[in-house]
Structures are given as C-alpha cells and as structure tokens.
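>>> The following comprises the amino acid sequence and a computationally predicted model.
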Amino acid sequence: MVKLVGAMLILFAGTMIGFQQAARFAARPRQIRHMIQALQRLETEIGYGYTPLPEALARSAAHLPEPISSLLRGTKERLDEADGFTFRECWERSVTEHWPGTAMKGAEQAAYIRLGSALGISDRDDQIKHLKLAMGQLKTEEDAARDDQARYEKMWKSLGVLIAALVVILIV
C-alpha cells in the first residue's frame, strides 16, 4: 500500500514537473507578444499623444498583464522616486528586479535593455525609431519562441511522465 502511494506521488510529481516546463515554453511567446504590445503603446503615447515618458509608461502598464506591466511600472516608480538616477538606470534596475518573474530569455532582455538606453535622451522621432527596432527584434524572438514551443512543449509533457515512470520502475 505504501509503495503504491509512493509510486503515485512520484508519477504525479514527475508529470507536474514536465507540465511546468511545458508551460514555460508556452508562456514565452505570449509574454514576448505582450512586450511588443507594450512597446506599441509606448510608441503611440510618445508619437501621437506627446505624453511625457513616465506618464506614457504608467498608461501602457495599466493595459498590460503581468509580468510585463510590472517592468513598466517599476521603471515609472523609480523615476518618481527621483533619487538622481537616469532613465536608463531606472529602466535597468526595473529589468533586474522583475525579469526573473518572466519566461523570457536573454535575447529578449538584451533587446529590452538596449531600448532603455535610447529612450528619454533623444527627440520623439528617434525614440519611435528605437521602439520600432526593438519591436522588430522582439518579433524575431517571438517567432523563434513559437518554434521552440512547437518543438519542445509536447516533449516535456511526455518526458515528465516517462521519467517518473522510469523512477517508479527502478524503485519497485
């Protein structure tokens, strides 16, 4: 009886680990898409609304799901604190704090940080160009993430169950 309960727990745990890994592969393209939407909102606020950057960040964050909204909100909050940090430093600190809560990888982070070094220091047209460049880079990463999702999501689901079954067989 104890062996049966232990075997079921091992199977359950292995299956959940596999499904958790598969969920990360599914979340990455969705989060990149939300990041692109955030940059499109910023582009609209800056380009057409002539909105100051901190207010544009707040407005964009209000319409986005987590964890993307927390990246933008974190930057705005640091700007409001006015500790003498530049926009770039506030942007990078927000990324450092909130990025681990995302399913995105280093390539997306690098594109996002590069964008932060260009925002707030140039004219409106130049900022829009940098936003479009970042959106293009993120679109490329989104396509790669979708390929990874198609390739690895089902594999991780199966692998979790199979490894758990192997452990159960080896133990019994």
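Nice, I can see it.
>>> Walking through the chain, point out its helices one by one.
For the chain, the helices defined by DSSP state H cover 2-47, 53-62, 68-81, 87-98, 106-118, 124-171.
>>> name the helices or strands packed onto the first one?
For helix 2-47, the elements it packs on are helix 53-62, helix 68-81, helix 106-118, helix 124-171, judged by 3 or more C-beta pairs under 8 Å, 6 or more residues apart in numbering; DSSP states H and E. Quick note: C-beta positions are derived from backbone N, CA and C, even for glycine.
>>> swap the cut-off to 6 Å and go again
The contact analysis (3 or more C-beta pairs under 6 Å, 6 or more residues apart in numbering; DSSP states H and E) places helix 2-47 against helix 53-62, helix 68-81, helix 124-171.
>>> repeat for the shortest one
When contacts are defined as 3+ C-beta pairs under 6 Å, 6+ apart, helix 53-62 sits against helix 2-47, helix 68-81.
>>> okay if I get the ones you listed as a markdown table plus distance to His130?
As requested, the helices and strands packed on helix 53-62 are exported to a markdown table (distance: least, C-beta to C-beta, whole Å):
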| stretch | distance to His130 |
| --- | --- |
| helix 2-47 | 10 |
| helix 68-81 | 15 |
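>>> Could you dump those into CSV and include mean pLDDT and mean neighbour count?
Below are the helices and strands packed on helix 53-62 laid out as CSV (pLDDT from 0 to 100; neighbours: other C-beta atoms under 10 Å):
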stretch, mean pLDDT, mean neighbour count
helix 2-47, 92, 17
helix 68-81, 89, 20
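>>> of all those helices, which lies closest to Ala118?
Across the helices and strands packed on helix 53-62, the minimum distance to Ala118, taken as C-beta to C-beta, is reached by helix 2-47, at 11.8 Å.
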